[in-house]
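[1] Below is the sequence, then the predicted model.
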Amino acid sequence: MKTYEQINNRIESGKAVVLTADDIIDYVEKKGLAAAAKEVDVVTTATFGPMCSSGCVLNFGHSRPKIRMSEAWVEDVLVYTGLGAVDVYLGATQLRHGDPANMYHPGEFRYGGAHVMEDLIAGKQLQLFALSYRTDCYPLREIRTYFTINDLNQAIMLNPRNCYQNYNVAVNDSDRAIYTYMGTLEPNRKNANYCSAGQLSPLLNDPYYEVIGVGTRVWMAGAQGHVYAEGTQHAGGGDRTPKGIPKAGAGTLAITGDMKQMRPEFVRGVSFRGYGVSLALGVGIPIPILNEDVLKRTCISDREILAPVVDYSTDYPQNTGKVISHVSYEQLRSGEIEIEGKKIAVGSLSSYYMALEIANLLADEIRKGDFCLAEPIAYLPKDTKMKPLLIRDKAS
Amino acid sequence: MSQTVTKKLMLFFPKCECEKPIIYHLVKDHNLIVNVFRAKVTPEEEGYLVLDVTGTEDDIQQGMDFVKTFNVSINYTSKGVTLDEARCTHCGHCITHCPTGALYIADSATREVAFNEAKCIECLACIRVCPFAACASAF
C-alpha cells in the first residue's frame, strides 16, 4: 500500500520507478504482482487520436477604444462570443467561413477550428475579426487585427470529451464508399477502422475509475492540465468483461490545460473527407500504483480488450444499437480481422506510435521530478448509462 | 546482352516542351520500356510525368541524354507523391487504402508507418484519405 503523498515524495526526490502501460505487462509477468507493486510507483498511459468535443477559451484583452464582441472570427473560423466582452470559445469542429462542406461530396474540410488551435500553439500570427452592436461602455463597432498566442491573456484548452475508454470498430455494409468520422469506409466490409490506444489507453488501465477522477493531473500536449469533470457522454455502466473492460465506449474525461505550455506536434487539426474537422490531441495520464489491485488493472493487454464492430452505413446513423461482433485489439493490430468468415483489412485513426511517445515523455518527466500526481477530489460515476435524444411530436 | 534495370523518374516539362513526343522517342529510338504512372502534360501549361523506364544501363543513359537535349529536367529522387514525416502521426488510416503496400507498418511494436516510394503507383488514394494532410502530390 502506498499513498499519493509517498509516491509524490519519491517523485520529488527523483527516485520514482515509472513504467509505461506497454512495458508494465512484461515487467509484472517477470517480477510477479506483489514484488512489482512494491517497486513500481507510477504507470504512464497515453492516447493520441481525433476527438471532436474539443475547443478553447481565449481572452484577447481590451482594445482602445474597447469592444464588446458580439460576433467574431479567428482566421475566418466563427467563434462563440456569448461570454464576457473579449472572451470567446473556439470549437475544434467549426468550419472556416465559406467552406463548401459537403456541397461537393465528399468535401475536403481542409481548415477549421482545430487547425486554428494547432496554428495558435505553433506561434503563428492569426487574424481576428469581430463585430459589435456597441454599448456606452464598449463603443467600438468593428475590429480587425492580428495576434499570436503570446498576445493573449489566456488561451485555455477546454475539452468536454476526451480519452474515450473504448470505442467502436467501424465497417461499411453498404455497396458504396461512405465518409465518416471513423475515416473512409469502403463498400461491403472491405476495410475496418478502429480508434483507441488499446492497452496504453488511460481509462482501459483504470477500468473502474479508481485513480483517474476529477482533479487528476494530466499531460496535455506537454502542458500540465487536469480532469475538470466527467466527460460528456460518460456512461460508466454497461457491459464489461470479467476483468472490468467495457465492451463499448463507456467512460470519458473532460480535461483542461494551458495552451501556452503546449507543443504543436501534439495538437493537430484533422480533416476527415466527407465528414468535417476534428482535433487530435496527445494526452498522457499517470496511474499511481497505490496497491496490487491498481497495478493488476494496468497489466491489461490488447488481447483482453474487446471492441464492438458496428456498421456505419445503417446501424450507426439509424442508432439501432446493433453490434455485429466483438474483436480484440490484438486482432485489430494484426492488420486483419475475420468477421462472419470474411477477412477484413484494418486501419486505425488513433496513433499508437504517438501514444507510446507520450507515455515515455510523461514517464521521463515523472522520473525527473517535474510531474507530480494529484489525488482526485471527486470520482467518475460508475453506474450511468447514455440517454438518447427523443424526438417528441409536441411539448407535454 | 547486358542486364536490364528499372528506374523511376519524374520529368518536368516547361511550357515550351509540352507538345513534343519525347516518350515516343524513348521507346522507338532507345529501346526503353516505359510504364507511366501519372502524367499531366497539356499544351500551354507546364507538365509532369512520373514513370518507370526499363532497359540496359546504356540505353537508359542514352535516353536520358536525349531527354536532356530538350528543356526537360529529370528528377531521379523526388517522386510525384511524398510523405511529410513532420505531419504524419502514424495513425495508420492510409494502410488499408494503399493498394500496393507502399504505405505500411514498419514496426509492429511501435506501429510506425513508413513509405516505400519504389512501390508507389501514384494512385493518390493516400492524399484523399490522410486526415493530417501528410501525403502530398508534386502536381
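    On my side now, so go ahead. Numbering: from 1, shown residues only, chains lettered A, B, ... in the order given.
[2] Name the single longest helix found in the chain.
    You didn't say which chain, so I picked chain A. Identified as the longest helix of chain A according to DSSP state H is helix A:352-367.
[3] My question was about chain B, not that one.
    Longest helix in chain B, counting by DSSP H: helix B:57-68.
[4] and that one, how far out from the chain's middle?
    Distance of helix B:57-68 from the chain centroid (CA atoms, centre = their mean, to the nearest Å) equals 18 Å.
[5] name the helices or strands packed onto that helix?
    When contacts are defined as 3 or more CB pairs under 8 Å, 6 or more residues apart in numbering or on different chains; DSSP states H and E, helix B:57-68 packs onto strand B:4-13, helix B:22-30, strand B:47-56, strand B:73-75. To be clear about C-beta, it is placed using only N, CA and C from the backbone, and glycine gets the same treatment.
[6] Is the residue of chain B most remote from its centre part of a helix or strand, or is it coil?
    No residue in chain B sits farther from the centre than B:Ala109, which is 30.4 Å out by CA atoms, centre = their mean. State at B:Ala109, reduced to three classes by DSSP: H, G, I helix; E, B strand; the rest coil: coil.
[7] buried sites along the longest helix of chain A?
    Neighbour-count burial for helix A:352-367 flags A:352-363, A:365-367 (criterion: 16 or more other CB atoms under 10 Å in any protein chain shown).
[8] Can you get me a residue count around B:Pro43?
    8 (other CB atoms under 10 Å in any protein chain shown).
[9] Among the helices and strands packed on helix B:57-68, which comes closest to chain A?
    strand B:47-56 (21.6 Å; CB to the nearest CB).
[10] could you give the angle of the helix or strand where A:Val270 lies to helix A:352-367?
    For A:Val270, the host element (DSSP states H and E) is strand A:267-272. Compare the direction of strand A:267-272 with that of helix A:352-367 by axes from the mean of the first three to the mean of the last three CA atoms, to 10 degrees and you get 160 degrees.
[11] And the longest helix of chain B, what's buried?
    For helix B:57-68, a neighbour-count test (16+ other CB under 10 Å) marks B:Asp59, B:Ile60, B:Gln62, B:Gly63, B:Met64, B:Phe66, B:Val67 as buried.
[12] do the same with stretch A:293-302
    Within stretch A:293-302, the residues that count as buried by 16+ other CB under 10 Å are A:Val294, A:Leu295, A:Arg297, A:Thr298, A:Cys299, A:Ile300, A:Ser301, A:Asp302.
[13] would you say the first one is within a helix?
    Yes. The secondary structure assignment for A:Val294 places it in a helix, going by three-state DSSP.
[14] what's the neighbour count on A:Ala254?
    Neighbours of A:Ala254 (other CB under 10 Å): 20.
[15] any idea how far it lies from A:Ala307?
    Remark: distance between A:Ala254 and A:Ala307 (CB to CB, to the nearest Å) = 23 Å.
[16] same thing with A:Leu253?
    19 Å.
[17] ok so, going back, which of the buried residues of helix A:352-367 are close to chain B?
    A:Tyr352, A:Tyr353, A:Met354, A:Leu356 (CB under 8 Å from any CB of the partner chain).
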